[in-house]
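# Here is my input; please provide its structure:
(one chain, ligands or ions: 1)
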Amino acid sequence: MFDAAHESTLVGHEVGPYKLFLETIDEERGAMISGHYVWPGAKVLAEYLLSLPLPLPPTLNVVELGAGCGLTSLVLYKMFVEASSTSTSTSTSVLNLSMTDYDPGVLQKAQKNYDLNKTHHCSSLVTNISCDLLEWGVDFNFSESFPKLSTPTSSPTLNLVIGSDVIYSVEVVEPLMKTISLLLTNLERSTHQTQTQTQSQNTTRMIMSQSFAYDSAIENMLNDCCVKFDLFRSIISDTFVKGSTNNENNHKIQMFTVVPKINSIWEHFKSTPDKEMKYKVVEIARCSETQERKIVYKALYGERGVWVRDLSMWLEKVVVDGVEKNRFNLIELPPS
Ligand SMILES: C[S@@+](CC[C@H](N)C(=O)[O-])C[C@H]1O[C@@H](n2cnc3c(N)ncnc32)[C@H](O)[C@@H]1O
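Residues are numbered from 1 along each chain as shown. The predicted model follows:
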């Protein structure tokens, strides 16, 4: 935890086109959990987010877990301010960004770093930036803890949970995954309350970066927790060399989404107004041979057949005429 006796230094960080100055504690990197300095995973994640082909949506909701000095959140903040200042749209854009951590001293640093880097922006942009206490694994009331994030909006919204170098031991995996699941479920639900069908495009996800390799205990625990907390994990990139002890400058980026809820309604990308191809999720099953998760679903049109397919395939993207689309889009969530 934070020790106020440590002296801080102001360090410049260049990420893409942005230069940020962050106050950090200049101490030996001994403590794996310390958020007083910027970990390599923070830059990896920020660079990955910068590389995404984002037209940023009118509303961006972000929660950073174990935010430490806040580098990734602050890069996202800069990206959003720049995107809205160059946008030709006349409507107001909103950025709700919460940097969370369980260490109050770290949160003070994150707040200071936001104050050091905040910029003036146009009047059609509203930013709600906060530094909030959140300990992984501990239950919380979403609307009380994150009032801005739970305020319904009808404008297209992207919900992002982010975290860099947050898995440093096998013990943190379960509480962390529980918190990720709670956040994604609540964010998805609050967005879907008000979005029209065409706006709701599976836009709630967690992106996590890691600059040190996981051992097999962590890998297994991650996969077990995905099943336990209804999460689906996909690896975006992994540059670690199996069996190598020299992992410097390597990283892993992974994404977590919530598994489709039973009784939720989804639409296939080939659906047309003449032939609406909607399906209801019946069950999430597991293959007895491979343990792989499968989705059982029922057509709400035609012969109303019941089908099964790999969960990974259900959640994947397809490229149609050069445009990437979700294979299935969430249309309606069941009542909570
Ligand atoms: C290795 S540091 C990474 C900090 C930052 N994400 C970065 O990449 O620079 C881990 C961060 O997670 C926070 N943390 C560790 N355990 C936590 C827990 N159980 N609940 C919430 N935050 C935690 C620490 O305070 C620290 O800021």
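
# by contact count, what packs against the longest helix anywhere in the chain?
Criterion DSSP state H: the longest helix present in the chain is helix 170-192. Contacts defined by 3 or more CB pairs under 8 Å, 6 or more residues apart in numbering; DSSP states H and E place helix 170-192 against strand 59-64, helix 142-145, strand 157-164, strand 204-210, helix 216-228, strand 231-238, strand 252-258, strand 328-332. Bear in mind the C-beta positions are built from the backbone N, C-alpha and C, glycine included.

# give me that answer again for 6 Å
strand 157-164, strand 204-210, helix 216-228, strand 252-258 (3 or more CB pairs under 6 Å, 6 or more residues apart in numbering; DSSP states H and E).

# Would you mind telling me which of the ones you listed is nearest the ligand?
Among the helices and strands packed on helix 170-192, strand 157-164 comes nearest to the ligand, with 3.6 Å by CB to the nearest ligand atom.

# still on that earlier bit, what would the helices and strands packed on helix 170-192 look like in JSON lines with mean pLDDT?
JSON lines is the format used below for the helices and strands packed on helix 170-192 (pLDDT from 0 to 100):
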{"stretch": "strand 157-164", "mean pLDDT": "94"}
{"stretch": "strand 204-210", "mean pLDDT": "95"}
{"stretch": "helix 216-228", "mean pLDDT": "95"}
{"stretch": "strand 252-258", "mean pLDDT": "96"}
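
# Could you dump the ones you listed into JSON lines and include distance to the ligand?
Output for the helices and strands packed on helix 170-192, formatted as JSON lines (distance: least, CB to the nearest ligand atom, whole Å):
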{"stretch": "strand 157-164", "distance to the ligand": "4"}
{"stretch": "strand 204-210", "distance to the ligand": "8"}
{"stretch": "helix 216-228", "distance to the ligand": "14"}
{"stretch": "strand 252-258", "distance to the ligand": "13"}
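
# Dump these to TSV, plus mean neighbour count.
Formatted as TSV, the helices and strands packed on helix 170-192 follow (neighbours: other CB atoms under 10 Å):
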stretch	mean neighbour count
strand 157-164	24
strand 204-210	24
helix 216-228	15
strand 252-258	19
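
# To Thr290, which of these lies closest?
helix 216-228 (12.5 Å; CB to CB).

# List the contacts of the closest one.
Val170, Val173, Glu174, Met177, Arg233 (CB atoms under 6 Å, 6 or more residues apart in numbering).

# could I have it exported to CSV, CA atoms only?
C-alpha atoms of helix 216-228 as CSV (Å, rounded to 0.1, in the frame of the first residue of the first chain):
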residue,chain,number,x,y,z
SER,A,216,0.3,-23.0,-16.0
ALA,A,217,-1.5,-22.6,-12.6
ILE,A,218,-2.5,-19.0,-13.6
GLU,A,219,-3.6,-20.2,-17.1
ASN,A,220,-5.7,-23.0,-15.7
MET,A,221,-7.2,-20.8,-13.1
LEU,A,222,-8.1,-18.2,-15.7
ASN,A,223,-9.9,-20.7,-17.8
ASP,A,224,-11.7,-22.2,-14.8
CYS,A,225,-12.8,-18.8,-13.7
CYS,A,226,-14.2,-18.0,-17.2
VAL,A,227,-16.5,-20.9,-16.8
LYS,A,228,-17.4,-20.0,-13.2
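
# what angle sits between it and helix 170-192?
Here the directions of helix 216-228 and helix 170-192 differ by 30 degrees (axes from the mean of the first three to the mean of the last three CA atoms, to 10 degrees).
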